[in-house]
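[1] Task: produce atomic coordinates for the following.
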Amino acid sequence: MLIAGFPAGAWGTNCYLVAPAAGEECVIIDPGHRAAEGVEEALAKYRLKPAAVLLTHGHIDHVASVVPVCGAHDVPAMIHPEDRYMMTDPEKALGRTIGQQIMGDLTVGEPDDLRELTDGTVLRLAGLELTVTHAPGHTKGLVTFGMPEQADVPPVLFTGDLLFAGSIGRTDLPGGDHDEILDSLARVILPQEDSTVVLAGHGPQTTIGQERATNPFLKAVAEGRGDGVAAPRRGM
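    Numbers count the residues shown, from 1 in each chain. Got it, this is the predicted structure:
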């Protein structure tokens, strides 16, 4: 298994390239602000060929480079239908102006081939198996992508802005809902194996076991105290 990740752009959003091995097809997860150059560098370094772009959610820091990346490689992008509008109207999704300086670096709009993700779907792409799980709260259409354990590789979960190392996603932007993110954490995160590797939309790699033991927000949800914990303002 090959997973190459790097933080991109003004918001340091993690973009991931995932493939069975170097020299094979890959999927690209969340090519955000100024991610296109890093994507090309990783493709060349590992001799990868993109098969699709997968989006955990529609915030501009996760989708800003979708159009150029998909256009350069003639591949589809996939997003949950409830976040699709964000691709053409990112400022509506944030409830505020992004700013002219940053907007000059963005390609707003949908790629030529944009497909919608459905909860529970198992995507079989580039020799990979990824399970789509709808996990609203940060946005209405956030999804996670889960990969099962294989050989000596533990399970992997791409969480977007649902769960971070030591924190969880913010819920104060349009479409955010504190009760929904608490439900998503209980339903999607808590049942995961402790060995599951968490690759989030921002920040370092962690594991479910580490977060279960140390993440104050996840601990509160596990103990039934989630309603008393306010979500932080982290992520776009």
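[2] contacts, neighbours, all on C-alpha from now
    Noted.
[3] just for the protein, where's the confidence low?
    Flagging of the chain using pLDDT under 70 yields the residue ranges 96-105, 227-231, 233-236.
[4] okay, which residue is most central for it?
    In the chain, the centroid-proximal residue (Cα atoms, centre = their mean) is Gly160; its distance is 2.9 Å.
[5] Contacts for the helix or strand where Leu123 lies, please.
    Using DSSP states H and E, Leu123 sits in strand 122-125. The contact list for strand 122-125 (Cα atoms under 8 Å, 6 or more residues apart in numbering) reads 26-27, 51-52, 129-132.
[6] Pull up the pairing partners for that strand, direction included.
    Partners of strand 122-125 in the sheet, by DSSP bridges, are strand 128-134 (antiparallel).
[7] what comes up buried for the partner strand?
    Of all the residues in strand 128-134, those buried under the rule 16 or more other Cα atoms under 10 Å are 128, 130-134.
[8] where along this protein do the strands fall?
    2-8, 13-19, 25-29, 49-54, 77-79, 114-116, 122-125, 128-134, 143-147, 156-160, 163-164, 167-168, 197-200, 206-207 (DSSP state E).
[9] In JSON lines: these, plus distance to Ser184.
    Shown next, in JSON lines, are the strands of the chain (distance: least, Cα to Cα, whole Å):
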{"stretch": "strand 2-8", "distance to Ser184": "25"}
{"stretch": "strand 13-19", "distance to Ser184": "21"}
{"stretch": "strand 25-29", "distance to Ser184": "20"}
{"stretch": "strand 49-54", "distance to Ser184": "20"}
{"stretch": "strand 77-79", "distance to Ser184": "18"}
{"stretch": "strand 114-116", "distance to Ser184": "20"}
{"stretch": "strand 122-125", "distance to Ser184": "19"}
{"stretch": "strand 128-134", "distance to Ser184": "8"}
{"stretch": "strand 143-147", "distance to Ser184": "10"}
{"stretch": "strand 156-160", "distance to Ser184": "11"}
{"stretch": "strand 163-164", "distance to Ser184": "10"}
{"stretch": "strand 167-168", "distance to Ser184": "11"}
{"stretch": "strand 197-200", "distance to Ser184": "15"}
{"stretch": "strand 206-207", "distance to Ser184": "17"}
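[10] which of the ones you listed sits most buried?
    Among the strands of the chain, strand 163-164 has the highest mean neighbour count (mean count of other Cα atoms under 10 Å), at a mean of 26.
[11] Describe which strands that one pairs with in its sheet and in which direction.
    Partners of strand 163-164 in the sheet, by DSSP bridges, are strand 167-168 (antiparallel).
[12] Tell me which other helices or strands the helix ranked longest in the chain touches.
    Taking DSSP state H as the criterion, the chain has its longest helix at helix 36-46. Judged by 3 or more Cα pairs under 8 Å, 6 or more residues apart in numbering; DSSP states H and E, helix 36-46 is in contact with strand 2-8, helix 66-73.
[13] could you dump these to CSV with distance to Tyr46?
    As requested, the helices and strands packed on helix 36-46 are arranged in CSV below (distance: least, Cα to Cα, whole Å):
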stretch, distance to Tyr46
strand 2-8, 9
helix 66-73, 16
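[14] Of these, which is nearest Ala42?
    Closest of those to Ala42 is strand 2-8, at 7.2 Å (criterion: Cα to Cα).
[15] Direction included, what does the closest one pair against?
    Using DSSP bridges, the strands paired with strand 2-8 in its sheet are strand 13-19 (antiparallel).
[16] Report the inter-axis angle for the partner strand versus strand 25-29.
    With axes from the mean of the first three to the mean of the last three Cα atoms, to 10 degrees defining the directions, strand 13-19 sits at 160 degrees from strand 25-29.
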